[in-house]
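> here is the input, now give the coordinates:
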Amino acid sequence: MCMPLSCVYHRSLFTSKFRMSTLNYVFLTLVLSSCLDNHVVGSIKLQPNAVTDVVQVSIQAQIPLEESPLHIICAKSSGFDIPPARCKTLTVPSFGEYNCDATWKSKKSSFKKASFIAYDKTRDTTQKAVYWLIDPLAFYESYDQRDWKRMGGWE
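Prediction:
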């Protein structure tokens with residue numbers, strides 16, 4: 001019965017008549033480790049990394065200093081206050097939407113509230129940082145803190 005050459009070679013590795021020199025063992029070890037290393041490194045590069053799949057979202061309260069702070073609740077958290085002319089930076093997952101609700105009791109006007117999407121996977125997909133500026137009139141978004149786009153206003 002004929003066997004393929006690869007089977008004959010493989011079978012001969014395990015027979016007592018076949019002996020490999022030390023140089024052959026070293027060569028075989030280097031080749032296998034190189035292949036294994038390339039395979040493992042290639043696999044690691046393709047898998048998502050939970051630590052880097054986040055985005056920095058910065059929310060700045062651009063309201064007069066004598067005013068009360070903004071109150072922000074994001075993604076069903078307990079919420080936090082941002083005093084006038086201050087900023088809060090959040091680390092959020094980059095795989096979906098990160099919704100926030102803002103409330104503010106201005107001394108000059110009534111109670112204000114608004115909802116905004118602090119991070120949206122489809123809108124902000126190429127960004128590692130998203131900046132929000134909230135003032136008495138509106139909400140603005142930027143990726144570089146120079147060019148601001150109005151995204152909505154108070155209700």
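
> show me what the stretch of helix or strand Y131 belongs to is packed against.
Following DSSP states H and E, one finds Y131 within strand 129-134. Contact partners of strand 129-134 among helices and strands, from 3 or more Cβ pairs under 8 Å, 6 or more residues apart in numbering; DSSP states H and E: strand 54-61, strand 111-120, strand 138-142. Placement of C-beta: from N, CA and C, glycine included.

> so which bits of the shortest one are buried?
Residues of strand 138-142 classed as buried by neighbour count (16 or more other Cβ atoms under 10 Å): 139-142.

> now do the first one
Applying a neighbour-count criterion of 16+ other Cβ under 10 Å, the buried positions in strand 54-61 are 54-55, 57-61.

> does N99 touch C74 like I think?
Yes. With contact defined as Cβ atoms under 8 Å, N99 counts as touching C74 (6.9 Å).

> so which of those two has more stuff around it?
For N99 versus C74, the count of surrounding residues by other Cβ atoms under 10 Å is larger for C74: 20 against 15.

> surely that one meets A102?
No. Using Cβ under 8 Å, C74 is not in contact with A102, being 9.4 Å away.

> circling back to that earlier point, check which residues of the strand holding Y131 are buried.
130-134.

> same question, stretch 119-127
By 16+ other Cβ under 10 Å, the buried positions in stretch 119-127 come out as 119, 124, 127.

> so the second one sits against V130, correct?
What it means is D124. Yes. Using Cβ under 8 Å, D124 is in contact with V130, at 5.3 Å.

> identify the contacts common to these two.
55, 143 (Cβ atoms under 8 Å, 6 or more residues apart in numbering).

> sorry, back to before: and the two most separated of the buried residues of strand 138-142?
Pairwise distances across the buried residues of strand 138-142 peak at 11.2 Å for F139 and S142 (criterion: Cβ to Cβ).

> which residues does the residue nearest to Q145 when sequence neighbours are not counted contact?
Closest residue in space to Q145, ignoring its immediate chain neighbours: Y131 at 5.2 Å, by Cβ to Cβ, 6 or more residues apart in numbering. Contacts for Y131 (Cβ under 8 Å, 6+ apart) come out as 57-58, 60, 141-145.
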